[in-house]
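Student: Need coordinates for the below:
(one chain, ligands or ions: 1)
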Amino acid sequence: MNNDLPLTRLFLFKSPSLSEQMTKTDELETEHSAAQRNDSFQIATNLLLSFKYAGQGVSYAFRTQRNFRIHLLIGAIALTLSVYFHLSAVACSIISLTIALVLVLELLNTALEAVVDLTVGREFHQLAKITKDCAAGAVLIAAIAALLIAGVLLLPHILQRLALI
Ligand SMILES: Nc1ncnc2c1ncn2[C@@H]1O[C@H](COP(=O)(O)OP(=O)(O)OP(=O)(O)O)[C@@H](O)[C@H]1O
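Tutor: The predicted structure is shown next:
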């Protein structure tokens, strides 16, 4: 297995081969992005703009990541049920934390995918595979834990309401 990433791949925005393939539109978008980046450096002290960029990250994940939307929907259902069944403040906090953990990991997964794609482009690389698979695995483990915790805390109430116990 060749684990050596060329240094140029790590430090250049695009590999030369990919740059050659860029369309005129891509070039314009890159210039536009560069201008935006310069602006962001000039206004980095503005706290409201920091929140805005963070919001753009969440918005991007929501728009592009189906799993993020699914986790958000399941989280909303779990929280609604928690309030509906008058779960204790501690139980609600635990459920909220597990939901937040899954969403945070989904955002990090999306960020890592972007960095990997930025680095290796469309080329296959074993390290790219490991990075993406591990990031996806982290989301999966958090999601299973969240489901188990919500199940333990909510299931007795749901079964009771359905008159099954
Ligand atoms: N450059 C690459 N080199 C090697 N394997 C890759 C590469 N890109 C993706 N893969 C493999 O393909 C899988 C899917 O990659 P992809 O970028 O489509 O993520 P994804 O499944 O869409 O993730 P998510 O569902 O979280 O958005 C990865 O988990 C990895 O195993």
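Student: quick one: L107 and Y60 touch, right?
Tutor: No. Using C-beta atoms under 8 Å, L107 makes no contact with Y60, being 9.2 Å away. Backbone N, C-alpha and C define where each C-beta goes, glycine included.
Student: Using the neighbour-count criterion, name the buried positions in the helix ranked longest in the chain.
Tutor: When the chain is parsed with DSSP state H, its longest helix is helix 126-161. Neighbour-count burial for helix 126-161 flags 128, 131, 135-136, 138-139, 142-143, 146, 149-150, 153-154 (criterion: 16 or more other C-beta atoms under 10 Å).
Student: H157 reaches L87, doesn't it?
Tutor: Yes. Using C-beta under 8 Å, H157 is in contact with L87, at 7.5 Å.
Student: Please list all residues in contact with the most centrally placed residue in the chain.
Tutor: Closest to where the C-alpha atoms of the chain average out (C-alpha atoms, centre = their mean) is L107, at 1.6 Å. L107 is in contact with 57-58, 61, 68, counting by C-beta atoms under 8 Å, 6 or more residues apart in numbering.
Student: switch to 10 Å and redo it
Tutor: Neighbouring residues of L107 by C-beta atoms under 10 Å, 6 or more residues apart in numbering: 54, 57-58, 60-62, 65, 68, 139.
Student: of the residues you listed, buried ones?
Tutor: 61, 65, 68, 139.
Student: Just the closest of the residues you listed to the ligand, please.
Tutor: Q65 (5.6 Å; C-beta to the nearest ligand atom).
Student: per-residue confidence for that closest one?
Tutor: Q65 carries a pLDDT value of 97.
Student: tell me which element the residue nearest to it when sequence neighbours are not counted is part of?
Tutor: Nearest residue to Q65 in three dimensions, chain neighbours excluded: T110, at 5.6 Å (C-beta to C-beta, 6 or more residues apart in numbering). Here T110, judged by DSSP states H and E, is contained in helix 89-120.
Student: Now stretch 105-120: buried residues?
Tutor: Across stretch 105-120, burial judged by 16+ other C-beta under 10 Å covers 105-107, 109-110, 112-113, 116, 119-120.
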